[in-house]
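Undergrad: return a 3D structure for these sequence lines:
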Amino acid sequence: MSAAMKYEMMILLTEEFNDSELKTWAFNYAKALRKLNASEISVISRGKRELTYMIKNQKRGNFIQINFSSFPRNIEEFANSLKLDSNVLRFLVLKKKIISKNL
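TA: Below is the predicted model of the structure:
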């Protein structure tokens, strides 16, 4: 059995969201993570920004950062749900490296 790992996910959404809609979208995905037994979930809005190049005919996008702990086997299922969401332009999931200090 594998241990839970810490992850950081950066999601780029279309710019059509207002603040309320963005919070609702992020809350729904945080609930989806919770259903996959994720814990320590935190959602941070990184704001609306100009993109360096167009992605799916979009020049601006909303950046959302989600930090959480989960079992590796659940990451693929969550990533697949993001792939199917038409509001998601891009996303990246990073496994955080845990540095232990021997004192």
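Undergrad: packing partners for the longest helix anywhere in the chain?
TA: Longest helix in the chain, counting residues (DSSP state H): helix 19-35. When contacts are defined as 3 or more C-beta pairs under 8 Å, 6 or more residues apart in numbering; DSSP states H and E, helix 19-35 sits against strand 39-55, strand 58-70, helix 72-84. Just so you know, the C-beta spots here come from the backbone N, C-alpha and C atoms, and that holds for glycine as well.
Undergrad: in a markdown table, list the ones you listed along with mean neighbour count.
TA: Listed next are the helices and strands packed on helix 19-35 as a markdown table, based on neighbours: other C-beta atoms under 10 Å:
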| stretch | mean neighbour count |
| --- | --- |
| strand 39-55 | 12 |
| strand 58-70 | 18 |
| helix 72-84 | 13 |
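Undergrad: let me have those in JSON lines, adding mean pLDDT and distance to E21 as columns.
TA: Below are those laid out as JSON lines (pLDDT from 0 to 100; distance: least, C-beta to C-beta, whole Å):
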{"stretch": "strand 39-55", "mean pLDDT": "93", "distance to E21": "12"}
{"stretch": "strand 58-70", "mean pLDDT": "94", "distance to E21": "10"}
{"stretch": "helix 72-84", "mean pLDDT": "91", "distance to E21": "17"}
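Undergrad: out of these, which is closest to L12?
TA: The closest of the helices and strands packed on helix 19-35 to L12 is strand 58-70. By C-beta to C-beta, the value is 4.6 Å.
Undergrad: could you list every helix and strand in contact with the closest one?
TA: Using 3+ C-beta pairs under 8 Å, 6+ apart, strand 58-70 sits against strand 5-14, helix 19-35, strand 39-55.
Undergrad: list the neighbouring strands of that strand plus their orientation.
TA: strand 5-14 (antiparallel), strand 39-55 (antiparallel) (DSSP bridges).
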